[in-house]
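Need coordinates for the following:
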Amino acid sequence: MPLEIRERDLPGVGVRYEADLSAEETVAVLIHNTGRRDLYYRDGDETVDFEHVVELTDSQARALGLLLVGAYYQPVPAQAGEVTPTDEHTKWYQVAEDAPAVGESLGDLGVSVETNAVVLAIIRRGDRTVHPSDDFVLQVDDHLVAIGDQTAHQKLGELIHGTQPQ
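Numbering: from 1, shown residues only. Next up is the predicted model:
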């Protein structure tokens, strides 16, 4: 079941997002204007206040987000039906020796502009670069983790491999 996410602006504070995990469980994330994130949990009746779970810095929240989307580990292969409500899913790409992307930066390839995909991480010889910048230059055997919809992945595959992904 896809999550329905509710958003509410909190003037002078930030934005709060809420998602029902089940009929009895709700999580909320408060993103402060300062970048700090607070995670809240409520089990049961909507009249009961949320319980504060953890406070995260901006970088901690981004790192945790990468864990949640499976950027570091995917216990089972993603199945076609596992998509977000906006039809987005994560996909891994490996840069082959003969790929046209070798030696090109993400910006020069136009990854974010041309594809609307977001590169979450690049793994190079065991080292991870999280949210690589547009000047990151791709090398043979780099592994990219990207999120996007079907069209974004098709375009990204074409940019990296020179053909449509299989």
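
quick one, strands of this protein?
For the chain, applying DSSP state E gives strands covering 5-10, 14-20, 25-32, 37-43, 51-56, 89-94, 118-124, 127-130, 143-148.

quick one: which of the ones you listed is nearest residue 69?
strand 89-94 (5.5 Å; CB to CB). C-beta here means a position set from N, CA and C on the backbone, and glycine is covered the same way.

buried ones in the closest one?
For strand 89-94, a neighbour-count test (16 or more other CB atoms under 10 Å) marks 89, 90, 91, 93 as buried.

Pick the one among the residues you listed closest to residue 54.
Nearest to residue 54, judged by CB to CB, of the buried residues of strand 89-94 is residue 90 at 23.8 Å.

I'd assumed residue 117 was in contact with residue 152.
Yes. Here residue 152 reaches residue 117: they are 4.0 Å apart, a contact under CB atoms under 8 Å.

now the farthest one out in the chain, which residue is it?
For the chain, the residue at maximal distance from the C-alpha centroid (CA atoms, centre = their mean) is residue 47, at 32.0 Å.

if I look at that one, how far off is residue 161?
Distance, residue 47 to residue 161, by CB to CB, to the nearest Å: 54 Å.

got it, and residue 34?
Distance, residue 34 to residue 161, by CB to CB: 41 Å.

Look at these two and report which has more neighbours.
Per other CB atoms under 10 Å, whichever of residue 34 and residue 161 has more neighbours is residue 161, with 18 against 10.

Let me see the contact set for that one.
Residues in contact with residue 161 (CB atoms under 8 Å, 6 or more residues apart in numbering) are 93, 96, 99, 100, 101.

Equivalent analysis for residue 37, please.
So residue 37 contacts 29, 30, 31, 55, 56, 57, 58, 60, 61 (CB under 8 Å, 6+ apart).

Okay then, goodbye and thanks.
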